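> Whatever this is, show me its structure:
(chains A and B)
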Amino acid sequence: GNSVTQMEGPVTLSEEAFLTINCTYTATGYPSLFWYVQYPGEGLQLLLKATKADDKGSNKGFEATYRKETTSFHLEKGSVQVSDSAVYFCALFAYSGAGSYQLTFGKGTKLSVIP
Amino acid sequence: DTAVSQTPKYLVTQMGNDKSIKCEQNLGHDTMYWYKQDSKKFLKIMFSYNNKELIINETVPNRFSPKSPDKAHLNLHINSLELGDSAVYFCASRGLGHEQFFGPGTRLTVL
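Down below sits the predicted model:
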C-alpha cells in the first residue's frame, strides 16, 4: 500500500536557522506530493505541492522538489521564523485500490522556532 | 468567505451519547472527506463522499455514519460515544488538482 515516512520530531531551531524535514514515500503509480502545515489549534493548510518528477513546489520561503529516483520530497527553508512554529505533514495522493484515490499522510513533524 | 466550515468547534459529551458534527464547503467540489486526528497528531481517513456517494470506508466502527444531503455538505453522526472517540475530527474537500482543503476541526472530548 501507499505510505509516507517523515522524520520524527520535535525539531527545535533558532530563528534564522536552516530547516530540512525529510520525507520519503512508497506509492502505486505516479503520486502527487504535498506538504501541509498545521498551526496550533487550527486545521491543515496546504503549504506547497508538486505533481510530477523534478517539479519544485514553493511557498512562503519553503521549497520541496519531487525526486522520483529517491522517492523523496524533502521540505527546506533557508531562514526560519518564530511564526513558522507548527506541525508539518508530508502527504501523497495516489491510487489506493478498489477504484479509489486517497491522500496518505506522514505522522507529522513538530517544529519549534525559538528567538 | 470560509471555504470549508465545521460546527461545532468544541464538543464535550458523556459516554453513550449520540452526537453530530456538520461540515459545509462552498468551493463547488465533488469530493468530501472526514479524518480523525489522534492525540499524537496522526491523521487517519474515515470516509469519503463523491457527489453524495460513499467511496471509502476505512474500517471505521459502524457507530460512525456519514450523511451527505447534497454535495456541499457532509455530516458525521456518532452513536454510543466511547472514550476512545476523543480526538479532533477534520472535514476536507477536494478539487480537480488533488489537493484537499481542510476545515478548522472539531475537538471531541468524551467523558
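> Show me what from chain A comes close to chain B.
Contact residues (CB under 8 Å from any CB of the partner chain) of chain A with chain B: A:32, A:34, A:36, A:38, A:42-46, A:49, A:51, A:87, A:89, A:93, A:96, A:99-103, A:105, A:107-108, A:110. Every C-beta, even on glycine, is put in place using the N, C-alpha and C of the backbone.
> among those, which are in strands?
When strands are assigned by DSSP state E, the members of these inside them are A:32, A:34, A:36, A:38, A:44-46, A:49, A:87, A:89, A:93, A:96, A:100-103, A:105, A:110.
> With only the CA atoms kept, save the helix or strand of chain A with the lowest mean pLDDT in PDB.
Within chain A, judged by mean pLDDT, DSSP states H and E, the helix or strand with the poorest mean is strand A:100-105; its value is a mean of 86. What follows is the C-alpha trace of strand A:100-105 in PDB, where atoms were taken according to Å, rounded to 0.1, in the frame of the first residue of the first chain:
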ATOM      1  CA  SER A 100     -10.400   5.000  -5.300                       C
ATOM      2  CA  TYR A 101      -7.700   7.600  -4.800                       C
ATOM      3  CA  GLN A 102      -6.600   8.700  -1.400                       C
ATOM      4  CA  LEU A 103      -4.500  11.200   0.400                       C
ATOM      5  CA  THR A 104      -2.000   9.400   2.700                       C
ATOM      6  CA  PHE A 105      -0.200  11.400   5.400                       C
END
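> Go ahead and confirm residue A:105 touches residue A:93.
No. Assessed by CB atoms under 8 Å, residue A:105 is found out of contact with residue A:93, at 10.5 Å.
> Please list all residues in contact with the residue nearest in space to the middle of chain B.
For chain B, residue B:34 is the residue whose C-alpha lies nearest the centre (CA atoms, centre = their mean; 3.4 Å). Residue B:34 makes contact with B:23, B:45-48, B:66, B:74, B:76, B:89-92, according to CB atoms under 8 Å, 6 or more residues apart in numbering or on different chains.
> again, but for residue A:27
So, once contact is read as CB under 8 Å, 6+ apart, residue A:27 ends up touching A:2-3, A:71, A:92, A:94, A:104.
> try residue B:4
If you count contacts by CB under 8 Å, 6+ apart, then residue B:4 has A:43, B:23-25, B:27, B:91-93, B:101-103 around it.
> Mind putting the residues you listed into TSV with pLDDT, distance to residue B:3 and secondary structure?
What follows is those, written out as TSV (pLDDT from 0 to 100; distance: CB to CB, whole Å; DSSP: H, G, I helix; E, B strand; the rest coil):
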residue	pLDDT	distance to residue B:3	secondary structure
A:43	90	10	coil
B:23	97	11	strand
B:24	97	10	strand
B:25	96	6	strand
B:27	93	5	coil
B:91	96	11	strand
B:92	95	10	strand
B:93	94	8	strand
B:101	93	5	strand
B:102	94	9	strand
B:103	95	9	coil
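> Mark which of the residues you listed are buried, thanks.
The neighbour-count test (16 or more other CB atoms under 10 Å in any protein chain shown) marks A:43, B:23-25, B:91-93, B:101-103 as buried among the contacts of residue B:4.
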